[in-house]
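> have a look; sequence and predicted model below, questions after that.
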Amino acid sequence: LAFSKKHLQPAKRVKLLVGDEKHEGLLTKAKRAGVEQFLIDPGVLDVASSSWTAMAIRDIKEQYGLPGGCASSNALYLWKKMRSKGSPYFEAAGASVFTFPLTHGADFILYGPMANAAWVYQAAATTDAMMAYCNKITGTKLGTLETPLMKIF
């Protein structure tokens, strides 16, 4: 978890992870401790700032090639105003909260209770299919027919 209240903006989260001339980064510390494989979670504070988390995930992937994702469920379940509205409003908002990091390259999302799987999987698959279709314009090939784009449309 690459998170600190002093490092909320995306660039600062990357700096926390990789360090600078004054401070050793979390990656260096983890490698020294024997960690060889990484899944980076830049942390989620609340729903609004999860947009910064998504940007940090994108930046870390682009700059360092490390897989990343986040636990957006923490922020979603702390959002009392939306939780109080109940279903289907909570799920609709949750679909946005969970899929936004995917649009920035997240490799995983932690979506809370298993009961959420039915609607979260559909939201993630639809977002994945839309991104795959969007990539067609750049000439990017799917690589396989086993994708949501081919399965749900």
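Yep, that arrived. Numbers count the residues shown, from 1 in each chain.
> let me see the mean pLDDT of the longest helix belonging to the chain.
Secondary structure assigned by DSSP state H gives helix 117-136 as the longest helix of the chain. For helix 117-136, mean pLDDT rounds to 94.
> now do it: everything it contacts.
With contacts defined as C-beta atoms under 8 Å, 6 or more residues apart in numbering, helix 117-136 is touched by 91, 94-95, 98-99, 102-103, 109, 111, 142, 147-149, 151-153. To be clear about C-beta, it is placed using only N, CA and C from the backbone, and glycine gets the same treatment.
> try 6 Å
By C-beta atoms under 6 Å, 6 or more residues apart in numbering, the residues outside helix 117-136 that reach it are 91, 95, 98, 99, 102, 111, 147, 148, 149, 152.
> check the offset of the helix or strand where residue 75 lies from the chain's centre.
Residue 75 is part of helix 72-78 when elements are defined by DSSP states H and E. Averaging C-alpha positions (C-alpha atoms, centre = their mean, to the nearest Å) puts helix 72-78 13 Å from its chain's average.
> mind listing what's buried along that helix?
For helix 72-78, burial by neighbour count (16 or more other C-beta atoms under 10 Å) applies to 72, 73, 74, 75, 76.
> list the buried residues of the longest helix of the chain.
Neighbour counts over helix 117-136 (16+ other C-beta under 10 Å) mark 119, 120, 123, 124, 125, 126, 127, 128, 129, 130, 131, 132 as buried.
> same check on stretch 31-38?
residue 38.
> same question for stretch 4-19.
Judged by neighbour count (16+ other C-beta under 10 Å), stretch 4-19 contains these buried residues: 7, 8, 10, 13, 14, 16, 17, 18.
> and what of stretch 52-63?
Buried residues in stretch 52-63 (16+ other C-beta under 10 Å): 52, 53, 54, 55, 56, 57, 58, 59, 60, 61.
> from the residues you listed, which is closest to residue 84?
Using C-beta to C-beta, residue 53 comes nearest to residue 84 of the buried residues of stretch 52-63, at 24.0 Å.
> remind me what the host helix or strand of the closest one packs against, helices and strands.
Residue 53 is part of helix 50-64, with elements assigned from DSSP H and E. Counting contacts by 3 or more C-beta pairs under 6 Å, 6 or more residues apart in numbering; DSSP states H and E, helix 50-64 is packed against helix 10-18, helix 89-103.
> rerun that using 10 Å as the cut-off
In terms of contacts (3 or more C-beta pairs under 10 Å, 6 or more residues apart in numbering; DSSP states H and E), helix 50-64 is packed against helix 10-18, strand 69-70, helix 72-78, helix 89-103.
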